[in-house]
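S.K.: what would the 3D arrangement of this be:
(one chain, ligands or ions: 2)
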Amino acid sequence: MILPLKQMRVGASLSQGDLALRVGISQGQVSRYESAPETIPFDIAHAWCQACGLSIEAAMRLSAPNKQSGIDPGNPYSDLHGNLDLLRQYISAAPAIPADLPSLSMTPDDLCLKVNQWIRKPTLLITGRFDSGKTRIANALLGSDNLPSQYTPTTSVVTFVRHLSDRPHWQKEDVWIMKRGFDPGRWNDQAHCAQFRLIAGGYETLKRFGTKDSEGDEIGAKAALVYMGAPLLQACTLIDVPGFQDDAEDGEMATNSAALADILLYTSPANGFLDAADFLHLGQLLRGLPPIDSPRTEMRYGNFFLIATHAAPSILDEQLQLILDKGSRRLYKHLGDSVFASASHRLTEVQLRQRMFSFWYETQNRREALEEGVIDALTDTLPTAITKRIDEEVKDIKAKTRANLRKRIESYEAAVSEIEAARENIDSLRERAPLHKKEVRKAKAEFKAEVEKMRAASKVFIERDLAKSLQAESIEAFIKKHFPTKNDKEDAKKDAVAKLLEDVQFRLGGFLEKESEKLKPFVEKYLNEYDVSLGSLKSAEFGGFEAIPFDAQGAFAGGLAAAGTLGALVLWASAMGNLGGYILVAKLASVLSIAGLGVGSTGLVTLVAAIGGPVTLAVGIATVLTMGIWSLFGEAWESRLAKKISKTLQEKGLLEKIQEKSDAFWDTSWTAFEHGADAIEEKFAEYLARNETLLNDKDSHKKIEAAVAALEDLRDFFGGIPWRLPV
Ligand SMILES: Nc1nc2c(ncn2[C@@H]2O[C@H](COP(=O)(O)OP(=O)(O)OP(=O)(O)O)[C@@H](O)[C@H]2O)c(=O)[nH]1
Ligand SMILES: [Mg+2]
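M.R.: Ligands and ions are numbered 1, 2, ... in the order given. Take a look at the predicted model:
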């Protein structure tokens, strides 16, 4: 019989040292027995149980907990996915597009890409510090013990757990271990998966290659693709990540996983609940998570769970409530006037408290609220939001594309009946080309100049405003403002650094938003150059002939999508509404952002996450660690604390790093613009060339009629999209 020694000790809230004292062995021995529980002699096992307040029988029951079935959300996406499958079949019979037509803003292939993205399940991400019980929760929800948590060391790879029915036919094994470079968005892409696969096997492969100090370290294992039949996975893909280790990779890991989350479970042990590092991570994570309200309970942020783990019976009920109350108060103090104050992420303190839960596997009433909450999120909150949004998008695409095509058909029909006018029209466009090019170059240069102006302004802002708030006197005032009474002293010591960084990054985000906002008209002006050249042709000079439409905005947006990161242009893109949603689908994104729920009014928080986030996170954690434990005796504690914070942040080079990030942000903005500009120029040249050929051909009439027929087929195709979703 192997006893779960570590689990017993943790359950009794004992450190290895505490337990060593009680049992009368060394701490080293405690550690050795925990990693090889089968080697413990009976008498020591007996003493171990006693020290943890357990009888041998109780301890044995722990090691063989009743087989749990996990939670069962049913299949909330069956209607949606059924409809999307039908749509996919419909698309497979779409009419072909003749090669000589100038490009369209939406083709059946584009729609097919959208469908493939829409059909993805949302993700449930479990994250938090190392050893905080993430994998234990994952196993409880899954009703499995396949993910290594109990006796072995800890998770070392980002683990994606998907439902068996999602497994591609070419993947035979339950577990694939992947190396760096694997893009989880491409788990259905055979060539990509094969390229990054290290090892394949059964669940035991995870223990061998997916835990710290395992063989996986040697071969560079970074991620695992795992397939199970757990009911939970009908409604989501679960992601279990290595815990934050408070090291340099922290920022990177937090940002990357945040981008994937649709439902976020954040764990922090009840004992020492929420430290400054948790605050820094939470700030970053919550900015990236679009809040989705629960329609049933009307609860705000139904996709966010903050969990006090290791809530063992040694903690009394009242204590646990106090821990959660206090944590909620402190976290609200930390984020209440930044993230939670922004229009898109608004949350009250009472609402935050409602998102806090406890977890102890063995105690029913310390996990059922969490489980019920997760069920609600999986069966109602997310399906309602996602289905509604996809329904809107399909209808929108259907209507808009049909209207676009109708317009194009009309203009081609007009061209057939007034072929001379149409030729003149396109000729004069050609003639105007040099002038147009000049205007476009000018508009581009103006945009670039504006970006440079903003870069300079940001530098001044950082060097003057932010630098000032990092001086000892300002920090002292900051502490006095946010931690006004003597009773706040302990909190200040723990939380002031994180709060200060939150403030710095929020102000930086606000500044950048204001600046980015000013770029919008320059983008519009640039795009207008394309409309001007077309618009001019509507004039009487050209016989009032309405030119064949060119979709400047769509072409530019398509180029932006290829750029990936948008910098300041994120604001322009999100203001485009649905179209913004179409283009902002990065390679790897959460389902909420694929469904357009992650963009919109989130400009500010997005910008803060993009620029301030990882920097302040990394520097903040380094600072928290450096500050260590020191006493704050005496009256002028605020002043001493302020000096120490100011000095440490300076040593860690916070301002310099922010400056680098700010430069990178403006670089990205310009690169994104160039991508958009290249795309629009290419599309426009193609538009001219193809229309010219079409109109100047000796068989023009016939060819245009053929084009019209093809466009009519397409119009009927989009108009006839089968879509009847009961929402
Ligand atoms: N009995 C009991 N033990 C728990 C519970 N939650 C966590 N533990 C134990 O605490 C230890 C750490 O839990 P894990 O789930 O591995 O923690 P983790 O957050 O996944 O750790 P990393 O992978 O290192 O980040 C393990 O030995 C678990 O068995 C619980 O609810 N009950
Ligand atoms: Mg783990």
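
S.K.: which residues of this protein lie near ligand 2?
M.R.: 134-135, 154-155 (CB under 5 Å from the ion). Where C-beta positions appear, they are placed from N, C-alpha and C, glycine not excepted.

S.K.: give me the secondary structure label for the residue in the stretch 251-400 of the chain that ligand 1 sits nearest to.
M.R.: Residue nearest to ligand 1 within the stretch 251-400 of the chain: residue 361 (3.4 Å; CB to the nearest ligand atom). Under DSSP: H, G, I helix; E, B strand; the rest coil, residue 361 falls in the coil class.

S.K.: in helices, which of the residues of the chain next to ligand 2 fall?
M.R.: Residues of these located in helices (DSSP state H): 134-135.

S.K.: for the residues of the chain next to ligand 2, pick the one with the most neighbours.
M.R.: residue 134 (27 neighbours; other CB atoms under 10 Å).

S.K.: please enumerate the helices of the stretch 251-400 of the chain.
M.R.: Assigned by DSSP state H, counting those that start in this stretch, the helices in the stretch 251-400 of the chain fall at 276-288, 317-335, 349-354, 368-376, 382-417.

S.K.: go through those and pick out the most buried.
M.R.: Highest mean neighbour count among the helices of the stretch 251-400 of the chain (mean count of other CB atoms under 10 Å): helix 276-288, with a mean of 25.

S.K.: any idea what sits nearest residue 94, other than its immediate chain neighbours?
M.R.: residue 108 (3.6 Å; CB to CB, 6 or more residues apart in numbering).

S.K.: now residue 329
M.R.: residue 349 (7.2 Å).

S.K.: the helix or strand where residue 510 lies vs helix 317-335, what angle?
M.R.: Using DSSP states H and E, residue 510 sits in helix 489-535. Counting by axes from the mean of the first three to the mean of the last three CA atoms, to 10 degrees, helix 489-535 lies at 50 degrees to helix 317-335.

S.K.: thinking again about what came up before, now for the residue of the stretch 251-400 of the chain closest to ligand 1, how many residues are close by?
M.R.: 21.

S.K.: for it, give its distance to ligand 2.
M.R.: Applying CB to the ion, to the nearest Å, the value for residue 361 to ligand 2 is 14 Å.

S.K.: verify the stated contact: that residue with residue 143.
M.R.: No. In this structure, residue 361 is not within contact of residue 143 by CB atoms under 8 Å, at 11.7 Å.

S.K.: report the secondary structure state of whatever residue of the stretch 551-700 of the chain ends up closest to ligand 1.
M.R.: For the stretch 551-700 of the chain, the residue closest to ligand 1 is residue 621, as judged by CB to the nearest ligand atom, at 15.9 Å. Per three-state DSSP, the secondary structure class of residue 621 is helix.

S.K.: now do the strands in the stretch 51-200 of the chain.
M.R.: 123-128, 158-163, 175-179, 197-201 (DSSP state E, counting those that start in this stretch).

S.K.: among those strands, which comes closest to ligand 1?
M.R.: strand 123-128 (6.3 Å).

S.K.: ok, that closest one: who's next to it in the sheet?
M.R.: strand 237-240 (parallel), strand 263-269 (parallel) (DSSP bridges).

S.K.: average pLDDT across it?
M.R.: Average pLDDT, strand 123-128: 93.

S.K.: again with stretch 689-703
M.R.: Mean pLDDT, stretch 689-703: 84.

S.K.: what's the most distant pair in the residues of the chain next to ligand 2?
M.R.: 134 and 154 (9.0 Å; CB to CB).

S.K.: shared neighbours of the two, which are they?
M.R.: Counting by CB atoms under 8 Å, 6 or more residues apart in numbering, the residues touching both residue 134 and residue 154 are residue 243.

S.K.: which non-adjacent residue is nearest residue 455?
M.R.: Residue nearest to residue 455 in three dimensions, not counting chain neighbours: residue 666, with 4.3 Å by CB to CB, 6+ apart.

S.K.: does that neighbour touch residue 457 like I think?
M.R.: No. Between residue 666 and residue 457 there is no contact under CB under 8 Å: 10.0 Å.

S.K.: these two - which one has more neighbours?
M.R.: residue 666 (22 against 15).

S.K.: and the more buried one, what helix or strand is that in?
M.R.: Going by DSSP H and E, residue 666 is in helix 654-696.

S.K.: kindly export the helix or strand just after that helix (C-alpha atoms) in CSV.
M.R.: Per DSSP H and E, the first helix or strand lying C-terminal to helix 654-696 is helix 700-719. Provided in CSV are the C-alpha atoms of helix 700-719 (Å, rounded to 0.1, in the frame of the first residue of the first chain):
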residue,chain,number,x,y,z
SER,A,700,-15.2,42.1,-74.0
HIS,A,701,-18.9,41.6,-74.2
LYS,A,702,-18.8,37.9,-74.0
LYS,A,703,-16.2,37.9,-71.3
ILE,A,704,-18.0,40.4,-69.1
GLU,A,705,-21.2,38.5,-69.5
ALA,A,706,-19.4,35.4,-68.4
ALA,A,707,-18.0,37.3,-65.4
VAL,A,708,-21.5,38.5,-64.6
ALA,A,709,-22.8,35.0,-64.7
ALA,A,710,-20.0,33.8,-62.4
LEU,A,711,-20.7,36.7,-60.0
GLU,A,712,-24.4,35.9,-60.0
ASP,A,713,-23.7,32.3,-59.1
LEU,A,714,-21.6,33.6,-56.2
ARG,A,715,-24.3,36.0,-55.1
ASP,A,716,-26.8,33.2,-55.1
PHE,A,717,-24.3,31.1,-53.2
PHE,A,718,-23.8,33.6,-50.4
GLY,A,719,-27.5,34.5,-50.4
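
S.K.: buried residues in helix 700-719?
M.R.: By 16 or more other CB atoms under 10 Å, the buried positions in helix 700-719 come out as 700, 703-704, 707-708, 710-711, 714-715, 717-718.

S.K.: what's the answer for stretch 176-190, then?
M.R.: 176-179, 182, 184-185, 187.

S.K.: and the residue lying closest to residue 277 once chain neighbours are set aside, how close does it get to ligand 2?
M.R.: Closest residue to residue 277 apart from its sequence neighbours, by CB to CB, 6+ apart: residue 621 at 5.3 Å. Distance of residue 621 to ligand 2, computed by CB to the ion: 20 Å.

S.K.: surely residue 621 is in contact with residue 279?
M.R.: No. Using CB under 8 Å, residue 621 is not in contact with residue 279; the gap is 10.3 Å.

S.K.: in contact with the closest residue to residue 29 other than its chain neighbours, which residues are there?
M.R.: Closest residue to residue 29 apart from its sequence neighbours, by CB to CB, 6+ apart: residue 20 at 7.0 Å. By CB under 8 Å, 6+ apart, the contact list for residue 20 reads 26-27, 29-30.

S.K.: buried ones from those residues, can you make that a ChimeraX selection?
M.R.: Those of the contacts of residue 20 that count as buried under 16+ other CB under 10 Å are selected in ChimeraX with:
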select :29,30
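
S.K.: from the contacts of residue 20, which land in strands?
M.R.: Among these, DSSP state E puts none in strands.

S.K.: any idea which of the contacts of residue 20 is closest to residue 112?
M.R.: Nearest member of the contacts of residue 20 to residue 112, counting by CB to CB, is residue 30, at 57.9 Å.

S.K.: my read: residue 295 touches residue 381, true?
M.R.: Yes. Counting by CB under 8 Å, residue 381 is a contact partner of residue 295 at 6.8 Å.

S.K.: what about the two, which has more around it?
M.R.: residue 381 (24 against 15).

S.K.: contacting residues around the more buried one?
M.R.: 292-296, 302-303.

S.K.: near ligand 1, which residues of this protein show up?
M.R.: With CB under 6 Å from any ligand atom as the criterion, the chain meets ligand 1 at residues 6-7, 10-11, 130-136, 149-150, 154-155, 242-243, 309-310, 359-362.
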